[in-house]
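A.B. asks: One predicted model, sequence on top.
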There are 2 protein chains.
Amino acid sequence: MNAIALRKALHQIPEIAFEEHQTKALLLKTLQDIPGITDDSWKLHEFRHSTGILIAYNGGEGAYKLFRADMDALPIKETVSSPYPSQHEGFMHACGHDVHMAILMGLMQQIALDKPATNLLFLFQPAEEGKGGAQSVLAEDIIQSYKIHSACALHVASGLPVGTISSKAGIFFGIPQEFDVRFHGKASHVAYPEQGINALHAGLDFTNKIHTAVNEISKTDRVIYHIGKMSAGDIRNIIPALCTLEGTHRSLKKQVRDKLNRLTYDFANTCAAAIGATAEVELLCSYDAVVNDAYLVQQLESACQALKLDYQQAETAMTGEDFGFFTTLYPGVLFWLGSGCDAPLHSDKFLPKDECIATGIKLMHHLALQ
Amino acid sequence: MNAIALRKALHQIPEIAFEEHQTKALLLKTLQDIPGITDDSWKLHEFRHSTGILIAYNGGEGAYKLFRADMDALPIKETVSSPYPSQHEGFMHACGHDVHMAILMGLMQQIALDKPATNLLFLFQPAEEGKGGAQSVLAEDIIQSYKIHSACALHVASGLPVGTISSKAGIFFGIPQEFDVRFHGKASHVAYPEQGINALHAGLDFTNKIHTAVNEISKTDRVIYHIGKMSAGDIRNIIPALCTLEGTHRSLKKQVRDKLNRLTYDFANTCAAAIGATAEVELLCSYDAVVNDAYLVQQLESACQALKLDYQQAETAMTGEDFGFFTTLYPGVLFWLGSGCDAPLHSDKFLPKDECIATGIKLMHHLALQ
C-alpha cells in the first residue's frame, strides 16, 4: 500500500491514545509488504506496554538517525467531508497523525528501495495527545539500546501551503503542564450562607490571585495560564460545595513551569484556607519543551533549498509536543509541514491535503541521507 | 381521613410545581368526606390553569379570612427514614408542604364541626417553589371575587421545637430574584488565545465587579447576591466559548431588587463588551417580600398566649415565599411553626414531627375565630 492509500486507510480508523490497536495492525501489515523487510538489515521491535513500533535499518556504520511519527487520534466528531471519513463515530484524526504515519511509512518504503549505507530508526509512537506516549516508549529502553545521532519529526501545519516548511532553532514548542484544582466547601441554603462554605468563592479568589501573579511573571517570561473548564455548584439557591478547575499552563523554561506549579499549590491552599474550605491540586501531564538543535535546523534549511521547498522562520509556539522528551535526550529537530488546510489543528474540519505527503517523504528522505 | 393520616398519605406522593395532580385528587377525596361540605355554606373552586383549589366557607357576614397552604414538593431524593417514605423516586416533601396541607384540611374539618358565624377561605396553592404558583392563582381573579379581610399562612421551621411559634411584624421574608447570565465568546486552542474570545474571563470579571458593587450596597441595605452554579468550557486546552452563571439575589426593598437587576445587566454587558464577547441576561422568578401586618402579628401573639404556645420574635429571613404576593394585596401574616426537626429545609433529611400538625390546626383555628 502506498503512503497516500495508507493515509486514507488510517484516517478511517482513528483511535485515541494507547488504544491504537487497529492502527498498529494496519502498520504491521503494510510493513510486511515492503520488499526486503525481512532481510538482516531490518529489525522490528514491538513495545511491550503500548502499541508503539520501532523499526531499525542497519545499512552502514555510525549512530542512528531517528524519525518519529505519532499514532493517536482525538475524541472529536469529524464534520469535514472527505472520501475517506472516520469510521469510528466520535473520533477523528484532527491533528494529522494519519499523515505523519503515512509519511514515515513512505520514507521506509523509499529506504527499502535505496538501501543506503546508513543507520536509521523509524518510530511509530502512541499517545502524543497528553497521555505520555513518548515517556512510555522511552521507559522501555529499547530506543536507548541504539546509539542515536539525532531525532527528527514533522507536524502538519494549518494555514501553510503544501510545499512550505517552517521551523526555528532553539525553543520551538513550549512546556505544557496540565493540572486540576478542586475546592471542597459545604452546601447550605443561600439564605443561610453562614451555615455553608462557598467553594466557588475559593475558586474565584484563586483565579484572581493566580492571574495577578501570572501577569507579573509575564513581564519577564512568556507564559500562558489557562483555565479551560470551570464548574461549581448544582442548584442556584444552594451554596456550592464543590468547585473544579481544569487547566493547562505553558512556559518556555522548566524553572518557570515549576514556579507556576508552586503558585498553583500555594494559592489553592491559601484561598481555600481563607474561608475554611479545602483544596486539592493534581498535576497531570507535562512535556519537555521541544528545543531544536541549531545545526539540524541549518541542515533542514539547506535540504529545503536543495528540494526547492519554501522555508519560513517559525515563531515559538505555546503548543506542547511530547517530541520534547526526545530533544531533551538527543539533538533533535521538529518542523512544520505545510498541509494546505486552513482549518485549525484539533478542529473538526482539519484535513491536510494528500499532496503534503510526498513533500514530507521527500524532505525526510533527504534528511536521512544528508 | 384525619390530618395526620392525610399528611402521611401526601408525604408518599410528592409532586413538583404545577404537577400536583395526585395531590389534588387526594385533597378533593378528603374534602368530600367532610360532613356538611355539600351544604350551601361551602363552595369549592378549582383553578382552571393549575391544580389549585379554593374552598369558601360562608357562615356569617363581612370579609373573608384567607388561609393558605402550598402543595408542591421538590426534586430531591429522600434519605430520611420514615414509615411513610416517598413513593415518587427522586422527589420529596423536603419543605414540609405536606404538613401545611394537612393542617389546612384539619382546620376545615374543625370548622365543619363548629360551623362558626364567620367567613373563611381555604386555599391550596400549587407551585410555591420558584414557579409562580401564587401569581398563577391570583391571575385567575377567583380569590379577588371575595372581599378579603386578611391572609394567613404558616411554614414549618427547622430547629424550632413543636409548640413554638415565631414571626415578626414588617418584612419577614425578603425578595428573591432568580437570574441567568450567559457569556458567549469564541473557542480556540490555548496556544493561540488571540484567535478566541474567552467567555470565562467575562464571567470572572462579572463576578468580581458585581461582588464589589454588592459590597457597597450592603453598607446600607441587607442583600445577598449569589451565584449557585457556574460553568465554563469543556476541554482544558481550549478557550471557553460559553460561560453560564445561575444565581439568585435577595433584598428587602423593591428598589434594591431593581438596582441589583440593573447592575446585573450593566456589568454583564460591559464585561462582555470589554473583550468582544456578548452577554445574555435572563431575569427569572421573583417574589414580593412577605410583609407581616403589625396588628395581625399582635393577634398571633395573643393567640399563642391563649393557647400556651411559646412565641418567639423572628429575624427577617432572606428566604423567599410567594405568600408575599398575598401580603402585597391584603393585610397578611406568615409565621414559623416549630417542626421539632433540626435538619434544614430543602435537605434530604427534613421530616417535621406529626405533633406539629395539631399545634398548627389549633392556632389557625384560633386565628380564624378571633
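C.D. replies: Cool, got the structure. Residues are numbered from 1 along each chain as shown, chains lettered A, B, ... in the order given.
A.B. asks: contacts, neighbours, all on C-alpha from now
C.D. replies: Will do.
A.B. asks: what residues are up against A:Ser347?
C.D. replies: With contact set as C-alpha atoms under 8 Å, 6 or more residues apart in numbering or on different chains, A:Ser347 has these partners: A:Ile76, A:Ala94.
A.B. asks: hang on, I meant A:Pro344
C.D. replies: Taking C-alpha under 8 Å, 6+ apart, we find A:Pro344 in contact with A:Ser158, A:Gly159, A:Phe350.
A.B. asks: how much space between the residue nearest to the spatial centre of chain A and chain B?
C.D. replies: Note on chain A: the residue nearest the mean C-alpha position is A:Glu321, at 3.5 Å, using C-alpha atoms, centre = their mean. Distance from A:Glu321 to chain B, counting by C-alpha to the nearest C-alpha, to the nearest Å: 12 Å.
A.B. asks: Can you verify my assumption that that residue contacts A:Phe173?
C.D. replies: Yes: contact between A:Glu321 and A:Phe173 holds when scored by C-alpha atoms under 8 Å: they sit 6.8 Å apart.
A.B. asks: any common contacting residues for the two?
C.D. replies: A:Ala289, A:Val290.
A.B. asks: Domain parsing of chain A, as residue ranges.
C.D. replies: Per automatic domain parsing, the structural domains of chain A span A:3-174+A:289-369, A:175-286.
A.B. asks: Residues of chain A that sit close to chain B?
C.D. replies: Contact residues, chain A versus chain B (C-alpha under 8 Å from any C-alpha of the partner chain): A:178, A:190-192, A:204, A:224, A:226-240, A:246-248, A:317-319.
A.B. asks: what about burial for these, which qualify?
C.D. replies: A:178, A:190-191, A:204, A:224, A:226-234, A:236-240, A:246-248, A:317-319 (16 or more other C-alpha atoms under 10 Å in any protein chain shown).
A.B. asks: per-residue confidence at A:Ile53?
C.D. replies: Predicted confidence (pLDDT) for A:Ile53: 98.
A.B. asks: My error: substitute A:Cys285 in the last question.
C.D. replies: 90.
A.B. asks: Kindly state the pLDDT recorded for the closest residue to chain B within the stretch 251-370 of chain A?
C.D. replies: When scored by C-alpha to the nearest C-alpha, the stretch 251-370 of chain A has A:Met318 as its residue closest to chain B, at 4.7 Å. Per-residue pLDDT puts A:Met318 at 93.
A.B. asks: you'd agree it is up against B:Ala191?
C.D. replies: Yes: checked against C-alpha under 8 Å, the pair A:Met318 and B:Ala191 is within contact range at 4.7 Å.
A.B. asks: Now find how far off-centre stretch A:255-269 is within its chain.
C.D. replies: Here stretch A:255-269 is found 23 Å from its chain centre; the criterion is C-alpha atoms, centre = their mean, to the nearest Å.
A.B. asks: what's the average pLDDT for it?
C.D. replies: 98.
A.B. asks: what comes up buried for that stretch?
C.D. replies: A:Val256, A:Arg257, A:Leu260, A:Asn261, A:Leu263, A:Thr264, A:Tyr265, A:Asp266, A:Phe267, A:Ala268, A:Asn269.
A.B. asks: In CSV, list those residues along with distance to B:Ile275.
C.D. replies: CSV is the format used below for the buried residues of stretch A:255-269 (distance: C-alpha to C-alpha, whole Å):
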residue, distance to B:Ile275
A:Val256, 28
A:Arg257, 27
A:Leu260, 25
A:Asn261, 28
A:Leu263, 26
A:Thr264, 25
A:Tyr265, 29
A:Asp266, 29
A:Phe267, 26
A:Ala268, 27
A:Asn269, 30
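A.B. asks: Which members of those are positioned in helices?
C.D. replies: The helices, defined by DSSP state H, take in A:Val256, A:Arg257, A:Leu260, A:Asn261, A:Leu263, A:Thr264, A:Tyr265, A:Asp266, A:Phe267, A:Ala268, A:Asn269 from these.
A.B. asks: how about the helices in the stretch 51-200 of chain A?
C.D. replies: A:97-114, A:133-139, A:199-217 (DSSP state H, counting those that start in this stretch).
A.B. asks: Packed most tightly, which of these would that be?
C.D. replies: Highest mean neighbour count among the helices of the stretch 51-200 of chain A (mean count of other C-alpha atoms under 10 Å in any protein chain shown): helix A:97-114, with a mean of 23.
A.B. asks: Alpha carbons only: can I get that helix in CSV?
C.D. replies: C-alpha atoms of helix A:97-114 as CSV (Å, rounded to 0.1, in the frame of the first residue of the first chain):
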residue,chain,number,x,y,z
HIS,A,97,-1.1,11.9,12.8
ASP,A,98,-2.5,9.8,10.0
VAL,A,99,-0.4,11.9,7.6
HIS,A,100,2.6,11.7,9.9
MET,A,101,2.4,7.8,9.9
ALA,A,102,1.9,7.7,6.2
ILE,A,103,5.0,9.8,5.6
LEU,A,104,7.1,7.7,7.9
MET,A,105,5.9,4.5,6.1
GLY,A,106,6.6,6.2,2.7
LEU,A,107,10.1,7.1,3.9
MET,A,108,10.8,3.4,4.9
GLN,A,109,9.4,2.2,1.5
GLN,A,110,11.9,4.6,-0.2
ILE,A,111,14.8,3.5,2.0
ALA,A,112,13.9,-0.2,1.3
LEU,A,113,14.4,0.7,-2.4
ASP,A,114,17.6,2.7,-2.0
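A.B. asks: related to what we said a few turns ago, would JSON lines of the helices of the stretch 51-200 of chain A with mean pLDDT be doable?
C.D. replies: Supplementary listing: the helices of the stretch 51-200 of chain A in JSON lines, determined by pLDDT from 0 to 100:
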{"stretch": "helix A:97-114", "mean pLDDT": "98"}
{"stretch": "helix A:133-139", "mean pLDDT": "96"}
{"stretch": "helix A:199-217", "mean pLDDT": "97"}
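A.B. asks: Let's have these in TSV, adding distance to B:Val214.
C.D. replies: What follows is the helices of the stretch 51-200 of chain A, written out as TSV (distance: least, C-alpha to C-alpha, whole Å):
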stretch	distance to B:Val214
helix A:97-114	51
helix A:133-139	50
helix A:199-217	15
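A.B. asks: dump the residue contacts of A:Ala277.
C.D. replies: A:Phe183, A:His184, A:Gly185, A:Lys186, A:Ile197, A:Asn198, A:Ala199, A:Ala202.
A.B. asks: Next one: it from B:Tyr225, what distance?
C.D. replies: A:Ala277 is 20 Å from B:Tyr225, where distance means C-alpha to C-alpha, to the nearest Å.
A.B. asks: re earlier: now intersect the residues of chain A next to chain B with the helices, please.
C.D. replies: Those of the residues of chain A next to chain B lying in helices (DSSP H): A:Leu204.
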